[in-house]
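Enquirer: Pasting the sequence and the predicted model now:
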Amino acid sequence: MSRPLVPGLVAEGETDEHFLGAVISRQLRALTDLSPRPVDVQSVQYAACRMTKDDSRIGQAVEELADDCHLIFLHSDHRERGKADRLTTYLAGKGVTRPLIPLVPVKETESWLLADAAVWDRVPGADTSLAPRKPKDAEKVADPKAVLKAMLTGIAYREVNEYFAFAGDQVDLAVLARLPAYREWVDATTEALGSRGFL
């Protein structure tokens, strides 16, 4: 009999949810495949508010997620790196014992979307010549949002935002693992899964 694993996510924006929700599900499945006991990774649950709100509102949303989720991921871009730490302290004071795991790309989430150029080779009209030459260079791009938008400018019939879920489903997790910030998140997630008996 498999054990259910329900992840929760508080993200900065809707497009982040589309990409990160897919990546979280896929990465959790890859990690729990190593478990001696079968684990059934459930759908990602999303907070009722975004990480851009004040700490007390986010804290309340995380408390609500903690009722249903085994792990909660707190996404923020580099400018808000300290927010996850503040929330962890705040929630510990409220008695929330679920693991809270920071998910913080260098620069912005879009840097992770740029890491695997092969994803964009599957999108007719995408200009992959603008993608970083090596996956690890994705975290060095000064303005990942602008580069992603420029890559997809030739696709007139779609919004850039529509490709976040596509990228989350298609990105090679091994390619993402070449990014230090992504590896840091996977390591923290692996530790949390182990502490909760999922690995």
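Expert: In hand now; what should we look at? Numbers count the residues shown, from 1 in each chain.

Enquirer: hang on, Leu74 packs against Arg50?
Expert: No - using C-beta atoms under 8 Å, Leu74 is not in contact with Arg50; the gap is 11.2 Å. For the C-beta atoms, the positions are set from N, CA and C on the backbone; glycine is no exception.

Enquirer: Need the overlap of contacts for those two.
Expert: Shared contacts of Leu74 and Arg50, defined by C-beta atoms under 8 Å, 6 or more residues apart in numbering, comprise Val10.

Enquirer: Who has more neighbours out of those two?
Expert: Taking neighbours as other C-beta atoms under 10 Å, Leu74 and Arg50 compare with Leu74 leading, 26 against 18.

Enquirer: number of nearby residues for the residue nearest to the more buried one when sequence neighbours are not counted?
Expert: Leaving out its chain neighbours, the residue that sits closest to Leu74 by C-beta to C-beta, 6 or more residues apart in numbering is Ala84, at 4.1 Å. For Ala84, the count of nearby residues is 21 (other C-beta under 10 Å).

Enquirer: what separates Ala84 from Val62, distance-wise?
Expert: Noted for Ala84: a distance of 10 Å to Val62, by C-beta to C-beta, to the nearest Å.

Enquirer: Any chance you could list residues touching both of those two?
Expert: With C-beta under 8 Å, 6+ apart, Ala84 and Val62 have common neighbours Leu74, Leu100.

Enquirer: pLDDT weak spots in the chain?
Expert: 52-53, 78-80, 156-161 (pLDDT under 70).

Enquirer: Could I get the buried residue list for the helix ranked longest in the chain?
Expert: In the chain, assigned by DSSP state H, the helix with the most residues is helix 14-32. Residues of helix 14-32 classed as buried under the neighbour-count rule (16 or more other C-beta atoms under 10 Å) are 15-28, 31-32.

Enquirer: Please report the distance of the most centrally placed residue in the chain from Val10.
Expert: For the chain, the residue nearest the mean C-alpha position is Leu20 (3.4 Å; C-alpha atoms, centre = their mean). Distance of Leu20 to Val10, computed by C-beta to C-beta: 10 Å.

Enquirer: how about the helix or strand Ile58 falls within: buried residues?
Expert: Assessed by DSSP states H and E, Ile58 sits inside helix 55-66. Of the residues in helix 55-66, Ile58, Gly59, Gln60, Ala61, Val62, Glu63, Leu65, Ala66 count as buried by neighbour count, 16+ other C-beta under 10 Å.
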